[in-house]
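**Student:** Sequence plus the predicted model coming up.
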Amino acid sequence: MSEDLKNILIVKLSAIGDVIHALPVSYAVKETFPDAKLTWIVEPPAYDLLKMNPYIDKIILFHKKDFRTFGGFTKRFFPFKREIQEENYDAVLDLQGLFKSAAIAFFAKSKIKLGTCNMREMSGKVSKPVIGEHAGGHIVERYLDTARAIGCRVEKVVFPVEVPPEEVSKAELIMSHAGLRAGNVFVAFAIGANWPNKRWPAEYFAELSDWFYSMNVVPVMIGNGAVDSQRAAEIESKTEIPPINLIDKTNLMQLTHILKSARLVVGGDTGPVHLAAGIGTRTLMLMGPTDANRNGPYGQLQNAIEVERPCRYCWKRACPKGDDCLERIPVKQVEEKIRQME
């Protein structure tokens, strides 16, 4: 591969956890090609992640919802296409590997279009899948294999995330108003997840919360949306002392600072937990439908607890049997794992 790549496009649209896993590619690109212009196309929910990344020169927003109706498509398609085609790219990396990312990669002007080893929805017809040495390994390494394929050195894996000072100040204020005093040791509970079977039972979080309080460690609930709010209320109702509730209280930048300040983050296979692992916070991930080898907390795979079920790694959003997948990870097992991490 040429050593003078000057213009590179990354297509990684969503979800937040997946975008987090792709962040090291930007570092690898800039370490190898420091003068290259790096453009990233992303959907709005993960936009703040890229704003915190100093290695990205240009961000193009893809508003998927605007393309769902005929009127929206006809209005948005040509302006979006023109924006993509303003540049001639030396390489396009489709790290999404779905039809929507393939459509974007198709219109991007480049002779080199590469994707990951597990391209789906015909995306492998647009971008050549890279079957690298890590094709059976962690998703972070699979993404990095595409960077290696264009000549990037990957001497170390870095998740480039820098929280702006003003967002740090706001996060500190949010924590103070919620009752978390300066100097308090706290743990963050990521109580939700997009997949129902990635959520540890609310009553288990409640029991773990009381356990932490007994050791003078403050539990803090993080998350967003109606489902997380409902789960938070259930957890609060089952605890002796309610944990601090920061559901819907922070943006992604503020949440990043909170995760960085936490002594530990506990939760399922979900974006905030992956973010915590990426920025170096100790992370305990509780896993069922997905496996740690591919999706565990990167750099901390020893801190993943996988459910003891013969049907684990099913990769289904909801259990077809109607089981609560993670209920077989008891609180005592989590407590013992945390003691081992100390």
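**Tutor:** Looks like it arrived, so ask away.
**Student:** Report the contact partners of Pro320.
**Tutor:** Contact analysis of Pro320 by Cβ atoms under 8 Å, 6 or more residues apart in numbering lists Cys314. The way it works is simple: take the backbone N, C-alpha and C, and place the C-beta from them, glycine included.
**Student:** so where's the chain shaky on pLDDT?
**Tutor:** The model of the chain has pLDDT under 70 over residues 1-3.
**Student:** Pull the contacting residues for Ile247.
**Tutor:** Going by Cβ under 8 Å, 6+ apart, Ile247 touches 191, 221-224, 228-229, 232.
**Student:** Lys100: which of the residues you listed is nearest?
**Tutor:** Asn224 (23.3 Å; Cβ to Cβ).
**Student:** The closest residue to the closest one other than its chain neighbours: which element?
**Tutor:** Using Cβ to Cβ, 6 or more residues apart in numbering and skipping residues adjacent in sequence, the residue nearest Asn224 is Asp248, 5.2 Å away. Remark: Asp248 resides in no helix or strand, with elements defined by DSSP states H and E.
**Student:** can I assume Asp248 is in contact with Val227?
**Tutor:** No - counting by Cβ atoms under 8 Å, Asp248 does not reach Val227; the two are 11.3 Å apart.
**Student:** who has more neighbours, the two?
**Tutor:** Comparing Asp248 with Val227 by neighbour count (other Cβ atoms under 10 Å), the higher total belongs to Val227, at 16 against 13.
**Student:** if I look at that one, how far off is Val331?
**Tutor:** Val227 sits 21 Å away from Val331, going by Cβ to Cβ, to the nearest Å.
**Student:** can you check Pro310 too?
**Tutor:** Pro310 sits 23 Å away from Val331, going by Cβ to Cβ.
**Student:** Which one's more surrounded, those two?
**Tutor:** Using other Cβ under 10 Å as the criterion, Pro310 and Val331 rank with Val331 on top: 17 against 5.
**Student:** Skipping adjacent residues, who's closest to the more buried one in space?
**Tutor:** Glu207 (4.6 Å).
**Student:** Find the helix or strand that the one you found is a member of.
**Tutor:** Applying DSSP H and E, one finds Glu207 within helix 202-214.
**Student:** Asn216 now?
**Tutor:** Here Asn216 is assigned to no helix or strand, by DSSP H and E.
**Student:** Please name the nearest non-neighbouring residue to it.
**Tutor:** According to Cβ to Cβ, 6+ apart, the nearest residue to Asn216 is Val185 (7.2 Å).
**Student:** burial of that neighbour, as a residue count?
**Tutor:** 12.
**Student:** got the buried residues for the helix or strand encompassing Arg82?
**Tutor:** Under the criterion of DSSP H and E, Arg82 resides in helix 70-84. Within helix 70-84, the residues scored as buried using 16 or more other Cβ atoms under 10 Å are 76, 80, 84.
**Student:** circling back to that earlier point, now the helix holding Glu207 - C-alpha only, CSV.
**Tutor:** Provided in CSV are the C-alpha atoms of helix 202-214 (Å, rounded to 0.1, in the frame of the first residue of the first chain):
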residue,chain,number,x,y,z
ALA,A,202,-32.7,-4.2,38.4
GLU,A,203,-33.0,-6.0,41.8
TYR,A,204,-29.4,-7.2,41.4
PHE,A,205,-28.2,-3.7,40.8
ALA,A,206,-30.1,-2.7,43.9
GLU,A,207,-28.4,-5.3,46.0
LEU,A,208,-25.0,-4.4,44.6
SER,A,209,-25.8,-0.7,45.4
ASP,A,210,-26.4,-1.5,49.0
TRP,A,211,-23.2,-3.5,49.1
PHE,A,212,-21.1,-0.6,47.8
TYR,A,213,-22.8,1.8,50.3
SER,A,214,-21.8,-0.6,53.1
